[in-house]
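Novice: The amino acid sequence is not available; the structure is as follows:
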């Protein structure tokens, strides 16, 4: 693989990440305080919380952005931990929209979106029009970057090192660990899914390996929430902990299921193209994990409080009460 191919790959990744950031920021700006109102007011039940998480994440195209937003709300004591947990579950489903768009191959019209978006930003003064232009520009840049990455990885199929790596990653555990580390490095599950879809489409990664890498990238994307919680209150660390637990439980479950049932064969049969196989497994992973964990949210709350217990000095002050039965959490102090 020539140096120009590596530069194209890195350049495509840079465009993808930048486009994702522009798209996320533009959508968040367009929504304004409405996102905060939705998150604060419409999450009073677990099912509403999950639906809000799906909708908001689909809108801003980033589960990490939503989780960081939730951590901010927790630091400001605007939301309780149980509500945040429900939204996190939903956000994991909402983030699969990116993979589905990649599978549909909307990238063929990406340059049109970018050109129209830039035109709207440069030649219109209306804030709303410029906002729509920014969204379109981010969308176009994102998929132009994906197209660059897809073209750049073609020579990899002849690289002995890459072939050896793919042979090694046929081990499910190694595939999960590799994908988790790579996603943590670039801090974007969307970009990781994009690269994985490109490799799968070119026949460089078999679906059996790609599926386990999807599990790993779901774990790796938690790094953003973990980093954002480092300087936050104790409850913000609990959100990050739950985000990690959610994806660990899902990964363990699917490692067992995929090893003991023909699930991957079924998905491959009804999915068609390799990109759709990756996208559909990504969606199934997050929906099934949410369905499994949602009825046991109270159990996971207890586990999180065992991992990050309430500080004794706060209990002594009588400043905090916790009820696992009703899932009510601190409203008058930070922990």
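Specialist: Yes, it's here. Model, not experiment: these values are computed from the prediction.
Novice: pLDDT score for the most centrally placed residue in the chain?
Specialist: What sits nearest the mean C-alpha location of the chain, by C-alpha atoms, centre = their mean, is residue 63, with 4.4 Å. Looking at residue 63, its pLDDT is 75.
Novice: Please look at it and residue 57 and confirm they touch.
Specialist: Yes. The pair residue 63 / residue 57 is scored as a contact, 5.1 Å apart, by C-beta atoms under 8 Å. Where C-beta positions appear, they are placed from N, C-alpha and C, glycine not excepted.
Novice: tell me, what's touching these two both at once?
Specialist: Listed as contacting both residue 63 and residue 57 by C-beta atoms under 8 Å, 6 or more residues apart in numbering are 91, 92, 94, 95.
Novice: is it true that the third one touches residue 52?
Specialist: In this case it means residue 94. No. Residue 94 is not in contact with residue 52 according to C-beta under 8 Å; the separation is 9.5 Å.
Novice: between these two, which one's more packed in?
Specialist: residue 94 (26 against 23; other C-beta atoms under 10 Å).
Novice: Grab the nearest non-local neighbour of the more buried one.
Specialist: Nearest non-adjacent residue to residue 94, counting by C-beta to C-beta, 6 or more residues apart in numbering: residue 57, 2.8 Å away.
Novice: Hmm, residue 67 and the one you found touching each other?
Specialist: No. Residue 57 is beyond contact range of residue 67, at 9.2 Å (criterion: C-beta under 8 Å).
Novice: More neighbours: which of the two?
Specialist: A direct count of neighbours by other C-beta under 10 Å for residue 57 and residue 67 places residue 67 higher, at 29 against 26.
Novice: Please give me every residue in contact with the nearest residue to the more buried one once chain neighbours are set aside.
Specialist: Leaving aside its sequence neighbours, residue 67 sits nearest to residue 225 (C-beta to C-beta, 6+ apart; 4.2 Å). Contacts for residue 225 (C-beta under 8 Å, 6+ apart) come out as 64, 67, 68, 71, 239, 240, 243.
Novice: Mind listing what's buried along whichever strand or helix holds the last one?
Specialist: Element membership for residue 243 (DSSP states H and E) is helix 234-260. Within helix 234-260, the residues that count as buried by 16 or more other C-beta atoms under 10 Å are 234-243, 245-247, 250-251, 253-255, 258.
Novice: what about it, average pLDDT?
Specialist: 90.
Novice: Now residue 203, what are its backbone angles?
Specialist: The phi and psi torsions at residue 203 (degrees, to the nearest 10) take the values phi 80, psi 20.
Novice: just checking, what's the longest helix in this structure?
Specialist: helix 3-31 (DSSP state H).
Novice: Summarise which helices and strands that helix is packed against.
Specialist: Packing partners of helix 3-31 (3 or more C-beta pairs under 8 Å, 6 or more residues apart in numbering; DSSP states H and E): helix 46-60, helix 127-152, helix 189-201.
Novice: Pull up the gap between residue 18 and residue 64, please.
Specialist: Distance, residue 18 to residue 64, by C-beta to C-beta, to the nearest Å: 15 Å.
Novice: between those two, who's got more neighbours?
Specialist: Taking other C-beta under 10 Å, residue 18 and residue 64 do not tie; residue 64 has more neighbours (24 against 14).
Novice: How much space separates the more buried one from residue 258?
Specialist: To residue 258, residue 64 is 26 Å away according to C-beta to C-beta.
Novice: quick one: contacts for residue 116?
Specialist: Contacts of residue 116 by C-beta under 8 Å, 6+ apart are 133, 136, 140.
Novice: And for residue 57?
Specialist: Counting by C-beta under 8 Å, 6+ apart, residue 57 has contacts 63, 66, 90, 91, 92, 93, 94, 95, 97.
Novice: Check the offset of stretch 83-95 from the chain's centre.
Specialist: The chain centroid and the centroid of stretch 83-95 are separated by 10 Å under C-alpha atoms, centre = their mean, to the nearest Å.
Novice: was I right about residue 281 contacting residue 213?
Specialist: No. The criterion here is C-beta under 8 Å, and residue 281 misses it with residue 213 at 9.9 Å.
Novice: for the stretch 151-300 of the chain, which spans come out with low pLDDT?
Specialist: Residues of the stretch 151-300 of the chain meeting the criterion pLDDT under 70: 154, 156-158, 163.
Novice: got it, and the stretch 1-150 of the chain?
Specialist: In the stretch 1-150 of the chain (pLDDT under 70), the answer is 1, 27-28, 30-36, 38-40, 61, 105-107.
Novice: re earlier: residue 281 and residue 213: who's more crowded?
Specialist: Legend: neighbour count by other C-beta under 10 Å for residue 281 and residue 213, higher for residue 213 (30 against 26).
Novice: element containing the more buried one?
Specialist: Going by DSSP H and E, residue 213 is part of helix 207-220.
Novice: what is the orientation angle of that helix with helix 189-201?
Specialist: If you take axes from the mean of the first three to the mean of the last three C-alpha atoms, to 10 degrees, helix 207-220 sits at 170 degrees to helix 189-201.
Novice: starting at the chain centroid, how far to helix 207-220?
Specialist: In terms of C-alpha atoms, centre = their mean, the gap separating the centre of helix 207-220 from the centre of its chain is 13 Å.
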